[in-house]
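Asks: When you get a sec, could you give me coordinates for this:
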Amino acid sequence: MTERPVVKRTARAILLDGDQLILIKRTKPGMDPYWLTPGGGVEPGDATVVDALHREVDEELGAKITDVVPCFVDTIEHITDGGRAGVKVQHFFVCRLESMDPSRRHGPEIDAPLGEYEVVRVPFSRMGIATVHLVPLSLRHYLDGNIEGVRAMHAPDLGR
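Replies: Residues are numbered from 1 along each chain as shown. Here you go, the predicted model:
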């Protein structure tokens, strides 16, 4: 089997604030709205994927996060803007919201948006997640089967 090249990596936050999940509702012209976790592409200036996660959460939410724990990886076919074909690896981390100041939001999504980026909260439960069109679908399925397990990633006896 031929290994596909990784042409893009992203860092995304399954961001919990108590019993709520913080998401971004994306509305683009001519498309139905969808919801996604805060985060984005790993850039050359990011020393690590976790550094990219902190930068992206700061840009998109004006937020600081704590208790960052890797929990899920999603790999999908991807073609870069330059036409390179391969896969995009999305790293998902469960983390807690430490603080958020929406007036500090910045970056391309805020400065030159294509559509709307609305910060929303939904209950971190199967019912809460079912109320939104969460993408990618693999994350929705993962969370639907692992709500309790994701919460347990912050248990005090994990030895972090």
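
Asks: alpha carbons only for contacts and neighbour counts from here, please
Replies: Fine.

Asks: A52 contacts D58, correct?
Replies: No - the pair A52 and D58 does not pass the contact test of C-alpha atoms under 8 Å, sitting 9.8 Å apart.

Asks: contacts for the longest helix belonging to the chain?
Replies: Taking DSSP state H as the criterion, the chain has its longest helix at helix 137-152. The contact list for helix 137-152 (C-alpha atoms under 8 Å, 6 or more residues apart in numbering) reads C71, D74, V94, F124, S125, R126, I129, L134.

Asks: What of stretch 78-94?
Replies: So stretch 78-94 is contacted by 4-16, 49, 67-77, 150, 153 (C-alpha under 8 Å, 6+ apart).

Asks: Pull out the buried positions in stretch 83-94.
Replies: A85, G86, V87, K88, V89, Q90, H91, F92, F93, V94 (16 or more other C-alpha atoms under 10 Å).

Asks: In strands, which of those appear?
Replies: Judged by DSSP state E, strands contain the following of the buried residues of stretch 83-94: A85, G86, V87, K88, V89, Q90, H91, F92, F93, V94.

Asks: Need the residues you listed in a markdown table (columns: pLDDT).
Replies: Shown next, in a markdown table, are these (pLDDT from 0 to 100):
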| residue | pLDDT |
| --- | --- |
| A85 | 93 |
| G86 | 95 |
| V87 | 96 |
| K88 | 96 |
| V89 | 97 |
| Q90 | 98 |
| H91 | 98 |
| F92 | 98 |
| F93 | 98 |
| V94 | 98 |
